[in-house]
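**Student:** model this:
(one chain, ligands or ions: 1)
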Amino acid sequence: MAQATSAVHWFRKGLRLHDNPALLDALRSAQHVWPVYCWDARLVTPQAVGVNRVQFLLQCLDDLDRRLRERQSRLTVLRGDALEVLPRFMRERQVSLLTFEGDVEPEGRARDERMLRKCHQMGVQVHSFATHLLYDPDRVIRELGADELPLSYGPFVARVTEALGAPALPLAAPPETQSFGTPDTDPQAYAVPRLEELEAYRGMTATTPLKGGETTALAVLGAFLSERRDEARQFSKPHTSPTAFEPASTTQLSPHMALGCLSARLFYYRVQELHPLRRPPVSLIGQLWWREFFTTVAYATPGFHSMKENRLCRQIPWSADAEEQYRAWEGGRTGHPFIDACMVQLRKHGWLHHLARHAVACFLSRGDLWVSWERGRDTFDRLLVDRDYALNNANWMWLSCSAFFHQYFRVYSPIKFPQRFDKEGTFVRHFLPVLRNMPAKYVYEPWKAPLSVQREAGCVVGRDYPYPIVDHEVVSKENLAKMSEVFSRERRPMEKFAKKRPRPEC
Ligand code: FAD
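**Tutor:** Modelled structure (predicted):
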């Protein structure tokens, strides 16, 4: 194959220099490499992407630009629809090779297909690499057979490891001495946008403490595995706390994983070094397998994000008239302090502990409000800094017992569940300062406090904080009966793997 003179490496996710085979391929194949990102303002609006995630993304791009400049290159940000601006850019510069990490989401895959066709028409070669996960999902599906892909975690992990062995080792970043040969451009042109200049976000301020970029991701991973070495070794997800926030009880690497600032293979092999470790599914490596499992199943399932078009999704007759309930949940005004505090954390930080996500998702759907998981998914899609197509849809289906999880009788109590981790209510007091002086006895159910206690705490229910919009004890029982009815008539493909052993409420 003839050596390309100029290549573009197109960053979308995979916002890193380490373990980036597509970037290394461009550097190997061409004398001049343009690292490019396409910023399409039509896709980045407050209705779709919360301000916390935009700030995080811009920090990732800034960091990438800085790391590229250390290598005498830079990030070229093209503004507009990638399918228009990128072919034009390549034509004007006579680029003959385009490299990228293949997208795993349906919209990204459709866009990649269209780009492939355009490049074909223009005579530009395309080299794409599957490096978002530990394994190439196409290869997994090919090896295991599309109809044989296990739809539950244990069999998936076992069959993938048996068929494909250990994941490939991560690759090093190009050294600082590596020549990119990126031609000079006007330093002002093609710059990374600044949050202040984005018209759609005018007047909005990001409040997340999470900072984006490969440099931070590597530092966070390094610190967790060294300073919290024993925790990392003993990591057992069900025993980490949903109410810990400074610091969180888990790694908080999810936003970096979602945008690919950190490679899954590097994460995996760095954790393996801590051997001996606990085993999946609860261990840290086990968490990466959850990501692998859900993303691969989503990749193989058309309409994964839709209740109606997804063959895996149970058809539950969610309430058609629950706008008020949904708004109260989203706005953190359910009158259940733990649920409301979680929703405030989601809005402020763009992140929640996994079990806090469990609690609010269960509350919105099958536990209390009987609102469709798709609505909660949309809220998470907008507000999460770590928003991930497969993980968000899969986990919402899990929590609503629409797919993957079938123990519908296990319902999260908005009162007893947080008490297991945080008797004093420190988490609630932090995110709902109106309750900061409420005695611990009432902090999860302030409506039960005598009026004199409420007055003394400076929080009168009905005036300073809402009454609960539902009585959990009552509605959760009604909803259990509805779920039982649904389960008696609906069977889904993955149920052949499901255990049928009842377990108590959480
Ligand atoms: P750690 O426990 O430190 O785990 C390390 C990594 O493993 C994470 O960064 C993540 O990449 C992966 N991981 C961990 N838990 C899961 C899981 N249950 N499923 C798949 N991968 C996992 N995670 C997202 O990244 N994006 C989402 O949009 C998302 N939506 C969710 C929606 C709901 C309703 C629920 C219940 C969970 C959702 N999760 C999502 C999964 C999980 O809650 C987060 O990945 C995790 O809490 C992130 O924190 P961490 O990085 O500290 O995780």
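**Student:** backbone phi and psi for residue 291, please?
**Tutor:** Note on residue 291: backbone dihedrals following degrees, to the nearest 10 are phi -60, psi -40.
**Student:** which one is it nearest to, not counting chain neighbours?
**Tutor:** Once flanking residues are discounted, residue 291 sits nearest to residue 391: 6.4 Å by C-beta to C-beta, 6 or more residues apart in numbering. Quick note: C-beta positions are derived from backbone N, CA and C, even for glycine.
**Student:** ok, and the closest non-adjacent residue to residue 190?
**Tutor:** residue 76 is the one closest to residue 190 (C-beta to C-beta, 6+ apart), at 4.3 Å.
**Student:** wait, isn't that neighbour in contact with residue 184?
**Tutor:** No. Judged on C-beta atoms under 8 Å, residue 76 makes no contact with residue 184 at a distance of 11.4 Å.
**Student:** more neighbours, the two?
**Tutor:** Under the criterion of other C-beta atoms under 10 Å, the comparison of residue 76 against residue 184 puts residue 76 first, with 22 against 6.
**Student:** in what helix or strand does the residue lying farthest from the centre of the chain lie?
**Tutor:** Distance from the centre of the chain peaks at residue 452, with 44.0 Å (C-alpha atoms, centre = their mean). Residue 452 belongs to helix 451-457 when assigned by DSSP states H and E.
**Student:** Quick check: buried residues in the helix or strand following that helix?
**Tutor:** Once the chain leaves helix 451-457, the next helix or strand it forms, by DSSP H and E, is helix 472-489. Neighbour-count burial for helix 472-489, with 16 or more other C-beta atoms under 10 Å as criterion, is recorded at 472, 475-476, 479-480, 483, 486-487.
**Student:** Restrict helix 472-489 to CA atoms and write it as PDB.
**Tutor:** Provided in PDB are the C-alpha atoms of helix 472-489 (Å, rounded to 0.1, in the frame of the first residue of the first chain):
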ATOM      1  CA  HIS A 472     -43.500   4.600  50.000                       C
ATOM      2  CA  GLU A 473     -44.900   1.900  52.200                       C
ATOM      3  CA  VAL A 474     -48.200   2.100  50.300                       C
ATOM      4  CA  VAL A 475     -47.200   2.700  46.700                       C
ATOM      5  CA  SER A 476     -44.300   0.200  46.700                       C
ATOM      6  CA  LYS A 477     -46.800  -2.600  47.600                       C
ATOM      7  CA  GLU A 478     -49.300  -1.500  44.900                       C
ATOM      8  CA  ASN A 479     -46.400  -1.400  42.400                       C
ATOM      9  CA  LEU A 480     -45.200  -4.900  43.400                       C
ATOM     10  CA  ALA A 481     -48.600  -6.200  42.600                       C
ATOM     11  CA  LYS A 482     -48.500  -4.600  39.200                       C
ATOM     12  CA  MET A 483     -45.000  -6.000  38.500                       C
ATOM     13  CA  SER A 484     -46.100  -9.400  39.600                       C
ATOM     14  CA  GLU A 485     -48.900  -9.200  37.000                       C
ATOM     15  CA  VAL A 486     -46.500  -8.100  34.300                       C
ATOM     16  CA  PHE A 487     -44.000 -10.900  35.100                       C
ATOM     17  CA  SER A 488     -46.700 -13.500  35.000                       C
ATOM     18  CA  ARG A 489     -47.500 -12.700  31.400                       C
END
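**Student:** Could you list the residues in contact with it?
**Tutor:** Helix 472-489 is contacted from outside by 314-317, 336, 366-370, 401, 406, 408-409, 411, 413-415, using C-beta atoms under 8 Å, 6 or more residues apart in numbering.
**Student:** quick one: low-confidence ranges for the stretch 401-506 of the chain?
**Tutor:** 491-506 (pLDDT under 70).
**Student:** count of neighbours near residue 65?
**Tutor:** Neighbours of residue 65 (other C-beta under 10 Å): 20.
**Student:** quick one: the helix or strand hosting it near the ligand?
**Tutor:** Assessed by DSSP H and E, residue 65 sits inside helix 51-69. No. Helix 51-69 is not in contact with the ligand by C-beta under 6 Å from any ligand atom; minimum separation 10.5 Å.
**Student:** can you pull the buried residues of that helix?
**Tutor:** So for helix 51-69, counting by 16+ other C-beta under 10 Å, buried means 51-65, 67-68.
**Student:** Mean confidence (pLDDT) on that helix, please.
**Tutor:** Averaging pLDDT along helix 51-69 yields 98.
**Student:** Going forward, count from 648.
**Tutor:** That works, and once the first residue is 648, the last one we named lands at helix 698-716.
**Student:** in which helix or strand would I find residue 787?
**Tutor:** Residue 787 belongs to helix 784-791, assigned by DSSP H and E.
**Student:** Equivalent analysis for residue 774, please.
**Tutor:** strand 772-776.
**Student:** which other helices and strands contact that strand?
**Tutor:** Packed against strand 772-776, as judged by 3 or more C-beta pairs under 8 Å, 6 or more residues apart in numbering; DSSP states H and E, are the following elements: helix 668-676, strand 744-748, helix 753-769.
**Student:** Most tightly packed of the ones you listed?
**Tutor:** Highest mean neighbour count among the helices and strands packed on strand 772-776 (mean count of other C-beta atoms under 10 Å): strand 744-748, with a mean of 25.
**Student:** got the contact list for that one?
**Tutor:** Residues from elsewhere that reach strand 744-748 (C-beta under 8 Å, 6+ apart): 651, 653-661, 667, 669-670, 672-673, 676-677, 733, 737, 759, 762, 766, 771-779, 907.
**Student:** Direction-wise, compare that strand with strand 772-776 and give the angle.
**Tutor:** Orientation check (axes from the mean of the first three to the mean of the last three C-alpha atoms, to 10 degrees): strand 744-748 against strand 772-776 gives 20 degrees.
**Student:** how far away is the residue farthest from the centre of the chain from residue 697?
**Tutor:** 41 Å (C-beta to C-beta, to the nearest Å).
**Student:** With adjacent residues omitted, what lies nearest to residue 1035?
**Tutor:** residue 905 (4.4 Å).
**Student:** Now do the same contact list for the one you found.
**Tutor:** Residue 905 touches 660, 1032-1035, 1038, counting by C-beta under 8 Å, 6+ apart.
**Student:** Among those residues, which are located in helices?
**Tutor:** The helices, defined by DSSP state H, take in residue 1038 from these.
**Student:** Farthest-apart pair in the contacts of residue 905, please.
**Tutor:** 660 and 1032 (14.0 Å; C-beta to C-beta).
**Student:** In terms of neighbours, single out the busier of those two.
**Tutor:** Taking neighbours as other C-beta under 10 Å, residue 660 and residue 1032 compare with residue 1032 leading, 26 against 21.
**Student:** residues contacting that one?
**Tutor:** 697, 699-700, 703, 855, 857, 902, 905, 996-998.
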